[in-house]
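Engineer: Give the three-dimensional model of this entry:
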Amino acid sequence: MKSEFITLDNAGEEAELIQNFLEDIPCWEKLVSAICVYCDSQSTTWRVQISMYNRKSIHICHIYNIVKHLLSNVIIFIDYVKSNENIVDPLIKGLSRELVYNSSKGMSLKPLKDERV
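Structural biologist: Numbers count the residues shown, from 1 in each chain. Sure thing, here's the model as predicted:
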């Protein structure tokens with residue numbers, strides 16, 4: 001869960017930079033909405049939604065507070081994505097050929113061979 005919170009923190013910082021950049025453009029008339037961050041960890045998405053914090057997870061307290069701040073200021077919102085529907089899994093995990101093929105197809109990448117292995 002700690003690595004998920006670190007990733008949410010980093011993504012939130014990037015989202016905040018993008019929002020600040022867009023708001024500084026003089027011709028940009030649209031309001032910048034919250035940026036969706038997908039997370040495949042149910043425990044992390046659940047932990048962010050509750051406001052109660054226990055002593056078992058004190059080691060991520062600072063990062064948790066940053067992520068809660070980003071959520072409360074409508075900079076990001078977190079959406080759960082199932083692991084088998086997460087198309088970026090090949091970038092962070094070792095997967096079977098079929099899952100890599102399906103993920104690369106989901107990212108609109110062309111396979112080396114046009115046939116399914």
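
Engineer: in this protein, what spans have low per-residue confidence?
Structural biologist: When residues are selected by pLDDT under 70, those of the chain lie in 51-58, 89-92, 95, 111-117.

Engineer: Tell me where it has strands.
Structural biologist: Per DSSP state E, the chain carries strands over the ranges 35-39, 76-80.

Engineer: The first one: how far from the chain's middle?
Structural biologist: Here the centre of mass of C-alpha atoms in strand 35-39, compared against the chain's by CA atoms, centre = their mean, to the nearest Å, lies 4 Å away.

Engineer: The last one now?
Structural biologist: Put simply, strand 76-80 sits 7 Å off its chain's centre (CA atoms, centre = their mean).

Engineer: Can you tell me the strand partners of that strand and which way each runs?
Structural biologist: Counting by DSSP bridges, the strands paired with strand 76-80 are strand 35-39 (parallel).

Engineer: Buried residues in the partner strand, which are they?
Structural biologist: I35, V37, C39 (16 or more other CB atoms under 10 Å). In short, each C-beta sits where N, CA and C put it, glycine included.

Engineer: what's the spacing between the closest residue to M107 other than its chain neighbours and I50?
Structural biologist: Nearest residue to M107, sequence neighbours excluded (CB to CB, 6 or more residues apart in numbering): I87, at 5.5 Å. According to CB to CB, to the nearest Å, I87 and I50 sit 28 Å apart.
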